[in-house]
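[1] how does the following fold in three dimensions:
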Amino acid sequence: SHNETFVKTYLHIPNSLPYTERVPLSCTAGRLLTNMPLFLPCTRKDRLSLVWMTLEKVAMMTKSTICIVDDDDAVRDALSALLRTAGYSIALFSSAEDFLNGTSAGIRGCLLLDVKMAGMSGLDLQGELSARGIDLPIIFLSGHVDVAMAAHAMRAGAIDVIEKPFRATALISRVEEALKLDAAQFKSKKRREDFAARMRELTARELEITDMLVAGQEIKTIARQLGLSPNTVQVHRANILKKTGSESLIELATIAREAGRSSE
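    Residues are numbered from 1 along each chain as shown. Here you go, the predicted model:
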């Protein structure tokens with residue numbers, strides 16, 4: 001069994017009060033079979049970097065969850081101690097199956113995923129998430145990085161494959177990158193959903209005219225093809241722009257495209 005100890009870290013910043021935090025670490029997990037502490041910042045520069053990264057990203061972190069999936073209790077606890085200390089919201093899972101059963105498709109944040117676990121492996125979980133349409137950024141952790149495995153993980157969209165042991169600031173840097181990607185993906189998804197909702201406000205005739213407008217057809221051409229007067233097409237055009245919140249045909253084309261409306 002792993003003996004728990006408490007490690008106190010001090011961040012002495014000139015002209016300010018010292019920062020003190022008690023961090024629970026497993027002796028074994030903290031060193032990960034090495035003679036050097038792994039998770040806590042090792043140098044004063046690293047500790048200062050950790051503080052500033054934390055202060056700058058508070059807003060992002062409060063909306064996101066870092067999911068740690070590892071079948072080693074000590075490693076989960078040590079990672080959780082580090083990331084909670086840095087201000088992140090953490091969820092712990094002892095297996096890939098537990099993660100799939102305990103999360104929803106709408107989860108936001110990132111995934112710290114062990115490669116080799118009992119049952120479903122980390123790579124298998126990555127494939128399953130992709131099949132379910134869950135675009136959660138993944139950072140793989142491995143005691144030994146195999147080139148073929150790493151290449152497979154990266155091709156499938158992983159942020160990185162990090163070999164143990166590693167520095168705390170290096171891990172947090174990758175976590176920040178993953179959270180930024182998740183935020184961008186979420187923003188893009190909400191944008192597409194908004195545009196799709198606008199397009200649903202259009203009637204069948206308006207959708208037909210929208211397709212012709214974004215394809216570059218002129219009013220007179222549309223009127224002739226549909227057996228309508230140019231004035232009627234102009235009225236439809238005005239209603240389409242109003243309903244979709246578009247100020248121009250270029251903006252309408254963007255909305256239609258991102259809503260998944262093909263102009264072909």
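[2] which residues touch residue 157?
    126, 130, 138 (C-beta atoms under 8 Å, 6 or more residues apart in numbering). (Glycine included, C-beta is placed from N, CA and C.)
[3] which of the three states applies to it?
    Three states are possible here, and by DSSP: H, G, I helix; E, B strand; the rest coil the one that applies to residue 157 is coil.
[4] and residue 111, by the same measure?
    Following three-state DSSP, residue 111 is assigned to strand.
[5] what sits up against stretch 220-235?
    Residues external to stretch 220-235 that are found in contact with it (C-beta under 8 Å, 6+ apart): 208, 209, 212, 213, 217, 219.
[6] could you flag which of those are buried?
    Burial of those was assessed by neighbour count (16 or more other C-beta atoms under 10 Å); the buried members are 209, 212, 213, 217, 219.
[7] from these, which is closest to residue 109?
    residue 213 (40.1 Å; C-beta to C-beta).
[8] okay, buried residues for the helix or strand encompassing residue 99 please.
    Assigned by DSSP states H and E, residue 99 falls within helix 96-102. For helix 96-102, the neighbour count (16+ other C-beta under 10 Å) marks 96, 97, 99, 100 as buried.
[9] hang on, the earlier thing: quick check on the contacts of residue 157: which are buried?
    Buried members of the contacts of residue 157, scored by 16+ other C-beta under 10 Å, are 126, 138.
[10] narrow the contacts of residue 157 to those in strands?
    Counting by DSSP state E, the part of the contacts of residue 157 found in strands is residue 138.
[11] show me which of the contacts of residue 157 is closest to residue 83.
    Taking C-beta to C-beta as the measure, residue 138 is the one of those closest to residue 83, at 15.6 Å.
[12] beta partners of that closest one?
    Judged by DSSP bridges, the bridge partners of residue 138 are residue 111.
[13] for residue 69, same thing?
    Residues in a beta bridge with residue 69, per DSSP bridges, are residue 93, residue 113.
[14] residues in contact with it?
    Taking C-beta under 8 Å, 6+ apart as the definition, contacts of residue 69 comprise 93-96, 98-99, 111-114, 117, 122, 125.
[15] name the nearest of those relative to residue 72.
    Looking across the contacts of residue 69 and measuring by C-beta to C-beta, the closest to residue 72 is residue 114, at 7.4 Å.
[16] so for the nearest residue to that closest one once chain neighbours are set aside, what's the pLDDT?
    Counting by C-beta to C-beta, 6 or more residues apart in numbering, residue 70 is the residue found nearest to residue 114 once chain neighbours are left out, at 4.1 Å. Turning to residue 70, the model gives it a pLDDT of 93.
[17] go ahead and confirm residue 70 touches residue 76.
    Yes. Under the criterion of C-beta atoms under 8 Å, residue 70 is in contact with residue 76, at a separation of 5.0 Å.
[18] mutual contacts of the two, please.
    In contact with both residue 70 and residue 76: residue 94, using C-beta under 8 Å, 6+ apart.
[19] these two: which is more packed in?
    Of the pair residue 70 and residue 76, residue 70 is the one with more neighbours under other C-beta atoms under 10 Å, namely 24 against 21.
[20] next one: that one from residue 139, what distance?
    Computed with C-beta to C-beta, to the nearest Å, the distance linking residue 70 and residue 139 is 12 Å.
[21] now for the two: what residues contact both?
    Both residue 70 and residue 139 are contacted by 112, 113, under the criterion C-beta under 8 Å, 6+ apart.
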